[in-house]
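Visitor: need coordinates for the following:
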Amino acid sequence: NLFKGLTNNIKVVLVGDYNQLPSVGPGQVLKDLIDSEIIDTVHLDLLYRQDENSYINTLAQEIKNNDLSENYLSDKSDYKFLTCSSESIKNNLKKICKQVIEKGYNYKRLQLMAPMYHGENGIDNLNKELQEIFNPESSDKKELKFGDVIFRENDKILQLVNMPDENIYNGDIGIIKDIVYSNNSISGKNEIHIDFDGNLVSFTPKDFIKFKHGYIISIHKSQGSEFEMVIMPICNGYRRMLYRKLIYTGITRAKKKLILLGEANAFKFSIINNSEYIRKTSLLEKITNNLYKNKK
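Guide: Okay, here's the model as predicted:
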């Protein structure tokens, strides 16, 4: 639809990272265009998200090139790898979060992310643990139970679906500003009011499945975002989701500070594992076939 709406005197410039995860929806347009080798492509070598001497930059390049040095276990000014067993990730994660809260980091400056939702160290379980660190139960905060999840005023929230009429989209981060119980609400139903950077949106129970806690989110959901500090657990329990593009995407979300914790062998495995779910598309074939026909 975009290209249909353009005239021939328009130049189109696409900007993206070939080494990150593909788009959320079907296809892999950017990759197919670059792989065709008939589209003019400029590769940008300088990173502006981090400082020039940032170790995060160095680590990103090593991961991209599958050339990890032993320095990844040494503390740097903007980086730390805390080695621990899979069983102790949860407790260590809570300790780290308490420390960064004491240093003044709030939900906007800090983001935790992980590869998987399920399991002991999965996103769903860790969000419940982290809620008690970042937003503990209090008599002056209203709560609402939805399934096995408790939503609480001041909770950090991740939007899961596009709601263009409300100007909120998949991956947006917000905070619960108010919970209104059915006996006091205009709708006559329980309501959760979430503030997305000044955009206050009211949800009733039928839409509660459209968001979840955002203390820790998936690396897929983080794509396109950046955070001052990123904390990321890595363990063998995530093994089926550990591959190079995923880890590269996760660590490059960090602007100033990156903390990894977990099993070093799982981290190394993720970097050498270049296998991924290969999307079957016909765009590349159509581009090259069309070029061949035009040449004839």
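Visitor: ok, the residue nearest the centre of the chain - contacts?
Guide: By C-alpha atoms, centre = their mean, the chain has its centre lying nearest to Ser222, at 1.7 Å. Each residue near Ser222 by C-beta atoms under 8 Å, 6 or more residues apart in numbering is listed here: 111, 113, 171, 249-250, 253. Using the backbone N, CA and C atoms, a C-beta is placed for each residue, glycine as well.
Visitor: farthest pair within those?
Guide: Maximum pairwise distance among the contacts of Ser222 (C-beta to C-beta): 14.2 Å, between Gly171 and Gly250.
Visitor: please say which of these two ends up with more neighbours.
Guide: The neighbour comparison of Gly171 against Gly250 (other C-beta atoms under 10 Å) goes to Gly250, with 26 against 20.
Visitor: could you look up the SS state of the more buried one?
Guide: helix (DSSP: H, G, I helix; E, B strand; the rest coil).
Visitor: that one reaches Phe227, doesn't it?
Guide: No - Gly250 lies out of contact with Phe227 (C-beta atoms under 8 Å); the separation is 10.8 Å.
Visitor: where does the stretch 151-296 of the chain have low pLDDT?
Guide: By pLDDT under 70, the weakly predicted segments of the stretch 151-296 of the chain are 276, 292, 294-296.
Visitor: now swap in the stretch 1-150 of the chain and tell me
Guide: Across the stretch 1-150 of the chain, the ranges flagged by pLDDT under 70 are 47-52.
Visitor: just the strands in it please.
Guide: Applying DSSP state E, counting those that start in this stretch to the stretch 1-150 of the chain gives strands spanning 79-83, 110-114, 143-146, 149-152.
Visitor: please identify the most buried of those.
Guide: strand 110-114 (a mean of 24; mean count of other C-beta atoms under 10 Å).
Visitor: just checking, what packs against it?
Guide: Contact here means 3 or more C-beta pairs under 8 Å, 6 or more residues apart in numbering; DSSP states H and E; on that basis strand 110-114 packs against helix 89-102, helix 123-134, strand 216-218, helix 219-222, strand 227-234.
Visitor: strand partners (parallel or antiparallel) of it?
Guide: Strand 110-114 sits in its sheet next to strand 216-218 (parallel), strand 227-234 (parallel), going by DSSP bridges.
Visitor: now tabulate the ones you listed in JSON lines and tack on mean neighbour count and distance to Arg279.
Guide: Output for these, formatted as JSON lines (neighbours: other C-beta atoms under 10 Å; distance: least, C-beta to C-beta, whole Å):
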{"stretch": "strand 216-218", "mean neighbour count": "22", "distance to Arg279": "18"}
{"stretch": "strand 227-234", "mean neighbour count": "23", "distance to Arg279": "25"}
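Visitor: fine, thanks again, bye for now.
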